[in-house]
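Visitor: Have a look; sequence and predicted model below, questions after that.
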Amino acid sequence: METIFDTLRIYERLKDADLSEKAAKEIAGVFRESIEERLATKRDLKELEKHFDLRLKELESSIKADIIKWVAAMLAAQAGFISALVKLL
C-alpha cells in the first residue's frame, strides 16, 4: 500500500516537541499502521469496483434468466387456463 502521509515529518515534529527519539519513532509508526489499515487508496477502490462490477453483471444475468423463466411459466399457465375455458364453453 502506498504511504499516504509523511511519517518522517511526524517524527521530526515530535522530536522538535522535545519527545525522545524512541517515542517519536513509535508514535509515527502507530500513525502509519493505523492509517494504512483504515484508509483505502484509489487503487483499492478501483479493484473493489472491478470486483463489484463483475458481481453485478453476474447478478443481472441471473435476474434476467429468472424473469424469462417466470414469464415462460406464466405464458404456459395462461395458455392452459384459456384452453380449459374454451373447452367449458
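Guide: Alright, I've got the coordinates. Residues are numbered from 1 along each chain as shown.
Visitor: Strands of the protein, start to end?
Guide: For the chain, strands defined by DSSP state E do not occur.
Visitor: got any ranges where it has weak pLDDT?
Guide: Scanning the chain with the threshold set as pLDDT under 70 gives 1-4.
Visitor: change it to 50
Guide: Low-confidence segments of the chain (pLDDT under 50): 1.
Visitor: Would you mind finding the longest helix in it?
Guide: helix 42-88 (DSSP state H).
Visitor: Tell me which residues touch the residue nearest the centre of the chain, please.
Guide: Nearest residue to the geometric centre of the chain (C-alpha atoms, centre = their mean): residue 48, 4.9 Å. Counting by C-beta atoms under 8 Å, 6 or more residues apart in numbering, residue 48 touches residue 40. Where C-beta positions appear, they are placed from N, C-alpha and C, glycine not excepted.
Visitor: again, but for residue 19
Guide: residue 27.
Visitor: Quick check: it vs residue 26, distance?
Guide: According to C-beta to C-beta, to the nearest Å, residue 19 and residue 26 sit 10 Å apart.
Visitor: Kindly report the same for residue 37.
Guide: For residue 37, the distance to residue 26 - C-beta to C-beta - is 17 Å.
Visitor: Comparing those two, which residue is more hemmed in?
Guide: Comparing residue 37 with residue 26 by other C-beta atoms under 10 Å, the one with more neighbours is residue 26, at 14 against 8.
Visitor: Would you quantify the distance from that one to residue 36?
Guide: Relative to residue 36, and taking C-beta to C-beta, residue 26 is found at 16 Å.
Visitor: for residue 55, same thing?
Guide: Here residue 55 is placed at a distance of 26 Å from residue 36 (C-beta to C-beta).
Visitor: Repeat that for residue 64.
Guide: Distance of residue 64 to residue 36, given as C-beta to C-beta: 41 Å.
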